[in-house]
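[1] pasting the structure only:
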């Protein structure tokens, strides 16, 4: 028998959070000058991705490598926590945030599903008891390698990751709520 529990799934970037958190975290952690110089360097890859020649995953790994490769994970986690504490609250979409809080207050099961990594969202979401289903970066010897440890949680992969993480059979499908703003 299915539980009478509402499942609320929220996208993060450009939905609950009004900006792209990867871009904003990069600016926050690397500074604007390095960010814009990095975009200049990465622009051929970004153009090839937009034209369909390179995959989103491939370009994301190039981005991670350029900006974050070899950063010690402990240092990265500190930057991610600082970002979550300082930046997320002031960049939330008020309408979506209101719905998010409504589900929290109603004791529904709430998850954030995102292509971003949980490290810079969870320090904020944990205060609501909300888990993050996202992309994971590979860490070796306590350093970021520049590679994804999982498939990029983007597009159809979001559905795959939801199915891997949640037992959807226990929810009444009529009670599932998906909030994506695209």
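    Sure thing, it's come through. Keep in mind that this is a model prediction, so the values were computed, not measured. Residues are numbered from 1 along each chain as shown.

[2] Can you tell me the element the residue most central in space within the chain falls in?
    Central residue of the chain (Cα atoms, centre = their mean): residue 116, 2.4 Å from the mean position. Residue 116 is part of no helix or strand, with elements assigned from DSSP states H and E.

[3] Which residues are in contact with it?
    By Cβ atoms under 8 Å, 6 or more residues apart in numbering, residue 116 lies in contact with 12-13, 21-22, 25, 134-135. Quick note: C-beta positions are derived from backbone N, CA and C, even for glycine.

[4] quick one, what contacts the nearest residue to it once chain neighbours are set aside?
    Closest residue to residue 116 apart from its sequence neighbours, by Cβ to Cβ, 6 or more residues apart in numbering: residue 21 at 4.8 Å. Neighbouring residues of residue 21 by Cβ under 8 Å, 6+ apart: 12-13, 88, 114, 116, 120-121.

[5] quick one on the thing from earlier: which of the contacts of residue 116 are buried?
    With burial judged by 16 or more other Cβ atoms under 10 Å, the buried subset of these is 12-13, 21-22, 25, 134-135.

[6] Can you add pLDDT, distance to residue 100 and secondary structure and give those residues back as JSON lines?
    Output for the buried ones among the contacts of residue 116, formatted as JSON lines (pLDDT from 0 to 100; distance: Cβ to Cβ, whole Å; DSSP: H, G, I helix; E, B strand; the rest coil):
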{"residue": "12", "pLDDT": "95", "distance to residue 100": "10", "secondary structure": "coil"}
{"residue": "13", "pLDDT": "95", "distance to residue 100": "14", "secondary structure": "strand"}
{"residue": "21", "pLDDT": "97", "distance to residue 100": "15", "secondary structure": "helix"}
{"residue": "22", "pLDDT": "97", "distance to residue 100": "20", "secondary structure": "helix"}
{"residue": "25", "pLDDT": "98", "distance to residue 100": "20", "secondary structure": "helix"}
{"residue": "134", "pLDDT": "96", "distance to residue 100": "16", "secondary structure": "coil"}
{"residue": "135", "pLDDT": "95", "distance to residue 100": "21", "secondary structure": "coil"}
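
[7] For this protein, which residues score under the pLDDT cut-off?
    The model of the chain has pLDDT under 70 over residues 1-4, 172-182.

[8] For it, which segments are assigned as strands?
    7-11, 109-113, 131-133, 137-140, 143-148, 176-179 (DSSP state E).

[9] Paired strands for the fourth one, with orientation please.
    Going back to what we said before, that points to strand 137-140. Using DSSP bridges, the strands paired with strand 137-140 in its sheet are strand 143-148 (antiparallel).

[10] Run through the residues that contact residue 149.
    By Cβ under 8 Å, 6+ apart, the neighbours of residue 149 are 136-139.
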